[in-house]
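Enquirer: Predicted model and sequence follow; I will ask about them next.
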Amino acid sequence: MRPKKGASVAKPKSPKCRTCGKRIHVPKGWSAGPAVRRHYWRVHRDVMQPEKSGR
């Protein structure tokens, strides 16, 4: 169903990081999943790649 003429179309909210609480930018053409992974790899690398213990 199409919105009524003149009605504003709400943009979905961007995902929010559970570690730092910031909104994560989702580039045009991307879905939320890859954008969240990119954020975690850039900002929270220790979460994505913890130190190897004993090996």
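Expert: Perfect, I can see it now. Numbering: from 1, shown residues only.

Enquirer: residue nearest the centroid of the protein?
Expert: Val36 (3.3 Å; C-alpha atoms, centre = their mean).

Enquirer: Just the buried residues of the longest helix along the chain, please?
Expert: Looking across the chain with DSSP state H, the single longest helix is helix 32-43. The neighbour-count check on helix 32-43 (16 or more other C-beta atoms under 10 Å) flags 35-36, 39-40 as buried. For glycine as for every other residue, the C-beta is placed from the backbone atoms N, C-alpha and C.

Enquirer: Quick one: name whatever helix or strand follows it.
Expert: The element immediately downstream of helix 32-43 (helix or strand, assigned by DSSP states H and E) is helix 45-48.

Enquirer: List every C-alpha atom in that next one, with coordinates, as CSV.
Expert: Output in CSV follows, covering the C-alpha atoms of helix 45-48 (Å, rounded to 0.1, in the frame of the first residue of the first chain):
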residue,chain,number,x,y,z
ARG,A,45,38.5,-4.7,17.5
ASP,A,46,39.1,-6.4,20.9
VAL,A,47,35.5,-7.7,20.8
MET,A,48,35.8,-9.1,17.3
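
Enquirer: residues making contact with stretch 46-55?
Expert: With contact meaning C-beta atoms under 8 Å, 6 or more residues apart in numbering, stretch 46-55 is reached by 19, 37, 40-41.

Enquirer: Could you dump the residues you listed into JSON lines with distance to Gly29 added?
Expert: As requested, those are exported to JSON lines (distance: C-beta to C-beta, whole Å):
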{"residue": "Thr19", "distance to Gly29": "25"}
{"residue": "Arg37", "distance to Gly29": "15"}
{"residue": "Tyr40", "distance to Gly29": "20"}
{"residue": "Trp41", "distance to Gly29": "19"}
